[in-house]
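Q: need a structure here:
(4 chains)
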2 protein chains.
Amino acid sequence: MKTTKRTRLERAGWQVGTAAEFLGLTPEEQLFVELKLALAGGVRQLRERRGLTQGDLAKRLGSSQSRIAKMEAADASVSLDLLMRSLLSIGATANDIVKLIKKAEAGRAA
Amino acid sequence: MKTTKRTRLERAGWQVGTAAEFLGLTPEEQLFVELKLALAGGVRQLRERRGLTQGDLAKRLGSSQSRIAKMEAADASVSLDLLMRSLLSIGATANDIVKLIKKAEAGRAA
DNA sequence: GCAAGATATGTCATATTTGACATAACGGCG
DNA sequence: CGCCGTTATGTCAAATATGACATATCTTGC
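A: Sure thing, here's the model as predicted:
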């Protein structure tokens, strides 16, 4: 997207390029990215809500604090598998996950 | 679960141990397994509905027919990432995925 | 300001996942 | 039956994700 158009849209109150910053991503790729972002956010939210530190969660998962940090930062090096296993080990329900997916859907670039 | 109880339940019309055959899996692990199974089923269903062969889908994904076969068989060697990217590349919507998650939830062992 | 606990960032050897390939087993149809 | 398109299974080198570790950067209370 050109800067001028973005600026104009933002002036008009739009949120543009909500994270995906799409550089030639197909719609499916965008949704995939948004999904990972949403799940990452969900991990952080649920973890904090449970009063757990990254270290605590790492121990539960047999992982390490640094990996949890990367996960919550939606680092490219973390898989959906780890995100999902994290969510479940924190106690996320199927419904929690559904909510995150809907958030991802809503968050994909217009 | 003891065999006697299982038999009794099955006589009564219940489906017992729907796939997870839990050998000491925690509830979270069960749900994770069911999730992969449900997504695998979703891939097959949507692919067939679109009239695509495994080879066709493989080409779209830059993967191979054998990997698609393994994915649909929910082979242990396939990741959630690949399952999800497959679903999206077939054209699954967020809602389709939500449905699969709910199926996984319903399918987890009692 | 400075500890102390928590989180972030970077690197790396190891483990897992991957596509590719070969080949087998299906299925339908002539 | 034999053929052909499709799917299943096994193997493997290359690609990617992983936990561990070191260390830097936040936070928060004192």
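Q: Is any residue of stretch A:27-47 near DNA strand D?
A: No. Using Cβ under 7 Å from any atom of the strand, stretch A:27-47 stays clear of DNA strand D, coming no nearer than 10.1 Å. The way it works is simple: take the backbone N, C-alpha and C, and place the C-beta from them, glycine included.
Q: and that stretch, anywhere near chain B?
A: Yes. Counting by Cβ under 8 Å from any Cβ of the partner chain, chain B is contacted by stretch A:27-47 at A:28, A:29, A:31, A:32, A:35.
Q: ditto for stretch A:75-89
A: Yes. Interface with chain B: stretch A:75-89 contributes A:79, A:80, A:81, A:84, A:85, A:88, A:89 (Cβ under 8 Å from any Cβ).
Q: if I look at the residue of chain A found nearest DNA strand D, how far off is chain B?
A: DNA strand D sits closest to residue A:66 of chain A, with a gap of 3.0 Å, by Cβ to the nearest atom of the strand. Distance, residue A:66 to chain B, by Cβ to the nearest Cβ, to the nearest Å: 21 Å.
Q: what's the burial count for that residue?
A: Residue A:66 sits with 12 neighbouring residues when counted by other Cβ atoms under 10 Å in any protein chain shown.
Q: any idea which element it lies in?
A: Element membership for residue A:66 (DSSP states H and E) is helix A:65-72.
Q: Against which helices or strands is the helix or strand that that helix is followed by packed?
A: Scanning forward in sequence from helix A:65-72 by DSSP H and E, the next helix or strand is helix A:80-90. With contacts taken as 3 or more Cβ pairs under 8 Å, 6 or more residues apart in numbering or on different chains; DSSP states H and E, helix A:80-90 sits against helix A:27-49, helix A:54-61, helix A:65-72, helix A:94-107, helix B:27-49, helix B:80-90.
Q: how about these in JSON lines, adding mean pLDDT and distance to residue B:96?
A: Converted to JSON lines, the helices and strands packed on helix A:80-90 look like this (pLDDT from 0 to 100; distance: least, Cβ to Cβ, whole Å):
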{"stretch": "helix A:27-49", "mean pLDDT": "95", "distance to residue B:96": "11"}
{"stretch": "helix A:54-61", "mean pLDDT": "97", "distance to residue B:96": "28"}
{"stretch": "helix A:65-72", "mean pLDDT": "98", "distance to residue B:96": "25"}
{"stretch": "helix A:94-107", "mean pLDDT": "96", "distance to residue B:96": "10"}
{"stretch": "helix B:27-49", "mean pLDDT": "96", "distance to residue B:96": "7"}
{"stretch": "helix B:80-90", "mean pLDDT": "97", "distance to residue B:96": "7"}
